[in-house]
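> sequence and computational prediction follow.
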Amino acid sequence: MDKLQFSRRHFLRGLGVSLALPVLESILPASKALAAAAGPALGRTAAGDPLRMAFLYVPNGVNVEKWRPQGQGRDYQLSETMAPLQHLKEHFQVFSGLEQQNGWAGADGAGDHARANATILTGARPKKTAGSDIRLGISVDQLAAQHLADQTRFSSLELSCDGVRKSGACDSGYSCAYQFNVSWRSETAPVAPESNPRLVFERFFGSGKGAERQKSFAARQFRQKSILDFVLDDVQDLSRELGRNDQHKLDEYLTGVREIEQRIQKAERFGPLPEPNAETPNGVPEDYQQHIRLMMDMLVLAFQTDSTRISTFMLAHDGSNRSFKEIGVNDGHHNLSHHQSEADKLEKIAKIDLFYTQQLAYMLERMRDTKESNGKSLLDNSMLVYCSGLADGNRHSHDNLPVIVAGHGGGALHPGRHVALEKTPMTNLYVNMLNTMGVPAERFGDSTGVLKDV
Amino acid sequence: MRNLSCLALLLSAIFAPAAVVRAADFEKRVVPLLEDYCYDCHGEGMKKGGFQMDKYKSVDAHLQDTEHWFTVWKHLQSQLMPPSDEAQPSAEQRNEILRWIEKDVFKVDPNAPDPGRVTIRRLNREEYRNTINDVLGVKFDTNEEFPADDTGYGFDTIGDVLSLSPLLMEKYMAAAEAIAAEIVAKSGGQIPTKYIGSDQFRGVDDPKKNARTLRFAEPASLVKAQAVEHPGRYRVTVELNVQGSMEATSHTAKLGVLVDGKEVQTAELGWDNRRNIKVSTELDLTPGEHQIGLTMTPGTPPQESENPLTARIENVNLHGPLDGSHVEYPGEYYRVFLDGPPPADAEARTAYGRKIVRHVAERAFRRPVNDATVERLSVLAREVEQGPNGSFERGIGHAITAMVASPRFIFRAEAQPEPNNPGKIVPIDEFALASRLSYFLWSSAPDEELLELARKGQLRANLRQQVDRLLAHERSERFVDNFVGQWLQTRDVEGMNIDARRVLGRRRRAEAEEIFSNRVRRAMRQETEMLFAHLVKENRSVFELLTADYTFLNEDLARFYDIDGVKGGEMRKVPLAEDNKRRAGILGHGSMLVVTSNPTRTSPVKRGLFLLDNLLGTPAPPAPPDVPELEAARRGEAKLTMREMMEVHRADALCASCHKRMDPLGLALESFNAIGQYREEEDGAKIDTAGQLITGEKFADVRELAAVLATSRGDDFLRCLTEKLLVYALGRGLEYFDTPTTAKIVEQLKKDGGAIHSLVYGVVESAPFQKRRGDGEHFTASN
């Protein structure tokens, strides 16, 4: 590594960019950094294969009665809503009794949808503010991503099907940032998800076709280096004239620059781009199901090519009032979720829930059918959480959340069961998953321990 | 010495510590009023609405809770408290408390208010797109390429929430490259294309005829003289569409293209291939005038049951010389390459390169750049120019990539001395002021005139004149789009999830969507935005937003509103006849009525909230958890009207206090359904729109409500609009120390009869727009 790189890193830190850097790779020769990372099984299964972690979020809770399975342990019956998953029963486990305490109103009053969305992966209480000083906590995926940053080209992938944001204020005095992001890289910085499958694809595999991709990618990285030098000098000039809060914004910029820089270094280390053997998607499909499935395809592709091992996918943000004409539900999902125990509304909610589990089934099938080396499937080597931040949308309950954990975690997990727990923080599950990923964590968010039996 | 200490004792007796005086004043002047008018519900053990005024351990603690007093201040100021059915303080008493809060709690000095502090703002998607377009002449679709911006206080201009994730940074990097690549790609000049409108052709036999539409059945010959300057090979192209029948027909015709009387190309036209037909050929032309001709020759006639066809000629164009012996540079080219193509001489090229990077950087960064920056950019440019596949243009492109990726482009930073000293208040420099102005009124970077005034230090001296100029410029449409689009949420009309089939009670979706079509939705959005734009253009009173006796319609929207006499797709100003006056002002606009509805029905609560929030500036507190949904009232009962349902709903005292504020407003709008159509009954029951505001005013229907909002609640409306505009312009939420700023603008606005320019001047001339202070704890005048 040349001298310039080192001084730049120095400079970045001098400006107060506080990042959890697992390995100070910039001052280590690339090969050594790799060797150091290969020591503990960071992001790998016991067999040494890449281990993946994904979180799928569905909004507004569920029809609780139709969601809950019958019986416990291995000998249990899937619920009506889970029927599309019947043939995959050996590949997932259902959890009851998990909760997000910080989702409840407490002293903060209304805003359960914002809180449902905000708490689900962070286990932290969002600071109630419509604009200035948003504050939450790092999300489980991002914590893992920061530890695994060195392992793959991209540290993580954030997806959503929500592109257009409604104008005006969001839920009950909470900034929209809480309601449209599940991934948070720090207390104050949400990671905006991508909703356009074409852009996801091009980001991972380059633009153009076949060999063109490789060439355009390499040329671009070369040019980017000189641009980065320029903008970093600009940052330095600018930072002298700015106050503390401005500095935070500039730090966000620097973090972004640093990631691009790392990517360039990584690309040099990882060699040629992976070949996805797939066409670049055209853009955002009009049909919701197609959109979801295309995003799932992107996710699978990213995992399959080991471009990243960590992903979140928000199928829709909490409070989403999307209607589902394709399955004959014309009312808005959010309106319906205030069902007042009315049979016809509950029926419609169950239909929507079923629609969503059908999409999950698609995703799990794709993962099951994607074979890795030594005969294992992608699903064997993954941990995938499917969840909502509310149980009953009418009561806005944040306990007994609907949670499915799919995949075998490279043999670490015990799918094929219904695990009925009593009031257990969802973050206890996350601590287990983090540890399985090789991330040394004893606590996360509001966790009270490790959920051992997963 | 002794005398001195005596004096000190004496002085301290006279000038007791400020806090002691303040507390005594509070007990003497204010507490009696609070006891009379507030404590019945909010003191002495009562805490209605969760609000308690005597819960503090000490007077000092009470006086230090500025948030608490800000709430009191807002409710008193808007006369929401005490509620109209309770004893009312006199105007003097009300003022007594308000002025006391401002002076002793907020400690604001109306003559030198704290300007607050705006965090550096990242350009939002709109601003980024416009800036790139206006500075570099490149169209870049930020909605497609960038994730949506987070909003705060209802707007996407708020510095604190405009965060920059690594993903976005990566996209900024890619965008900078794509934008520069486009500039490079177009820098080689373009082969000219001359477009000849079909209406310029004249019939050979009948000079009254033109070539816009040519009927298949009618033989025709038309001609147009066209000058050619440069000799060479040209391509002549006719672009057309075939129209006249949705169903297949056997009607055909032959189109002929002639140059100087000689047929150079023909095309068989029919039903099968109807859209975007291009008929073209290449030929050599000499300089001078040439006759371009079109002929139509009938072919197979349509069969009896079939429709006849016509050709709609979109344009005829002449492209060449094709060998590139003469190229043209589009206007955008000169935004970057300001003196045209580079000179051959190496030294002159370098100097030209420097000139270009300085010129572009000043515009992209919105302020002068120093020599060091110019040098760094020039070095970047030359590296690429002299590298593999290099060229002068590619070099410049590379430098532009660096500029567009720079934080100086992406952020609107405002330099200031002592950035971390909250006591340091300074006027922002004129370049920062130019940016604040142009991003406020154009959502884009300052243009040359603004920059030139800033360079000369004359912008402040010419502020109003510049505001007028910016407002008169077509770019101010963006202000209307972005401000009104978010304030009145017109941005959402087109995408709003509304089930027209259910609202209209139709069986087929297509039928319902024909009535509430995308065209109607678009027209609704335009209606509201055009009203605002009209007020800006003619400097009319903002009260016309509520009471204008005219609106903006096209045929689609007029038909939807059931208003006669509007023909054609173009939106225009239409006076409202007496029986259409219910459409007067935004309360009768489809946009407002649609964005406040649920997918299948109206929501008086949402509508009421919308008016409280956006017109009166007195938002209701959020609903408590576990609140039953409206339809809960319906269960077990016979079918209730919306009004009856809501009455059941607010029988609960907890709900009543807020619903008394929202419901009368929302119910007044019940004469419009969820897609904004007028109705007098619902499910056979007559709709009752009469009501009373919590402040006491009675009204019978939406027109009377609008009148109330514009007269006796007029001050609230002005204050609300002023606050919204301040938030939008400043990029931050308002704080208690902004109250004198708002009050001052409103006062002047009233004097000026609500003239909208007075409002814009007021914002632009206000302390928070003109000044900034260092970062840190809130600065107040007295401590």
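Perfect, thanks for sending it.
> give me the neighbour count for residue 373.
Reading this off chain A. Residues lying near residue A:373 (other CB atoms under 10 Å in any protein chain shown) number 8. The way it works is simple: take the backbone N, C-alpha and C, and place the C-beta from them, glycine included.
> that was the other one, I meant chain B.
Neighbourhood size, residue B:373 [other CB under 10 Å]: 22.
> wait, what's in contact with it?
Residue B:373 is in contact with A:234, B:361, counting by CB atoms under 8 Å, 6 or more residues apart in numbering or on different chains.
> tell me which residues of the host helix or strand of it come out buried.
Here residue B:373, judged by DSSP states H and E, is contained in helix B:371-386. Under the neighbour-count criterion of 16 or more other CB atoms under 10 Å in any protein chain shown, helix B:371-386 has B:373-374, B:376-378, B:380-382, B:384-385 buried.
> average model confidence for the helix or strand just after it?
Remark: after helix B:371-386, the chain's next helix or strand is helix B:392-405, criterion DSSP H and E. For helix B:392-405, mean pLDDT is 96.
> buried stuff in helix B:392-405?
For helix B:392-405, the neighbour count (16+ other CB under 10 Å) marks B:392-405 as buried.
> residue A:97: what secondary structure?
strand (DSSP: H, G, I helix; E, B strand; the rest coil).
> show me what contacts residue B:282?
By CB under 8 Å, 6+ apart, the residues touching residue B:282 are B:233-236, B:322.
> and the pLDDT at it?
pLDDT, residue B:282: 94.
> next: residue B:379.
Residue B:379 is assigned 95 on the pLDDT scale.
> spatially central, which residue of chain A would that be?
For chain A, the residue nearest the mean C-alpha position is residue A:312 (1.9 Å; CA atoms, centre = their mean).
> quick one: low-confidence parts of the stretch 51-200 of chain B?
Along the stretch 51-200 of chain B, segments meeting pLDDT under 70 span B:78, B:84.
> enumerate the residues of it near chain A.
Taking CB under 8 Å from any CB of the partner chain as the criterion, the stretch 51-200 of chain B approaches chain A at residues B:117, B:119-120, B:122, B:144-145, B:147-154, B:156, B:158-161, B:163-173, B:176-177.
> ok, 7 Å please
B:119-120, B:122, B:147-148, B:150-154, B:158, B:160-161, B:163-170, B:173, B:177 (CB under 7 Å from any CB of the partner chain).
> can you tell me which of these are in helices?
Residues of these located in helices (DSSP state H): B:166-170, B:173, B:177.
> closest to chain A among those?
Closest to chain A out of those is residue B:169 (2.4 Å), distances taken as CB to the nearest CB.
> leaving out sequence neighbours, find the closest residue to the closest one.
Once flanking residues are discounted, residue B:169 sits nearest to residue A:256: 2.4 Å by CB to CB, 6 or more residues apart in numbering or on different chains.
> confirm that neighbour sits in a helix?
Yes - checked against three-state DSSP, residue A:256 lies within a helix.
> that one contacts residue B:173, correct?
No - if you go by CB atoms under 7 Å, residue A:256 and residue B:173 don't touch, sitting 8.2 Å apart.
> tell me the one of the ones in helices among the residues of the stretch 51-200 of chain B next to chain A nearest residue A:445?
Set against residue A:445, the nearest of those by CB to CB is residue B:166 (22.0 Å).
> correct me, but the closest one touches residue A:257?
No - using CB under 7 Å, residue B:166 makes no contact with residue A:257, being 8.8 Å away.
> what touches both of these two?
Common neighbours of residue B:166 and residue A:257 (criterion: CB atoms under 7 Å, 6 or more residues apart in numbering or on different chains): none identified.
> picking up where we left off before, among the contacts of residue B:282, which ones are in strands?
Residues of the contacts of residue B:282 located in strands (DSSP state E): B:233-236.
> report the buried members of those residues.
Buried by 16+ other CB under 10 Å: B:234-236, out of the ones in strands among the contacts of residue B:282.
> how about those residues in JSON lines, adding distance to residue B:658 and pLDDT?
Output for these, formatted as JSON lines (distance: CB to CB, whole Å; pLDDT from 0 to 100):
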{"residue": "B:234", "distance to residue B:658": "72", "pLDDT": "96"}
{"residue": "B:235", "distance to residue B:658": "69", "pLDDT": "95"}
{"residue": "B:236", "distance to residue B:658": "70", "pLDDT": "95"}
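> make TSV out of those residues and add distance to residue A:452.
Shown next, in TSV, are these (distance: CB to CB, whole Å):
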residue	distance to residue A:452
B:234	80
B:235	75
B:236	79
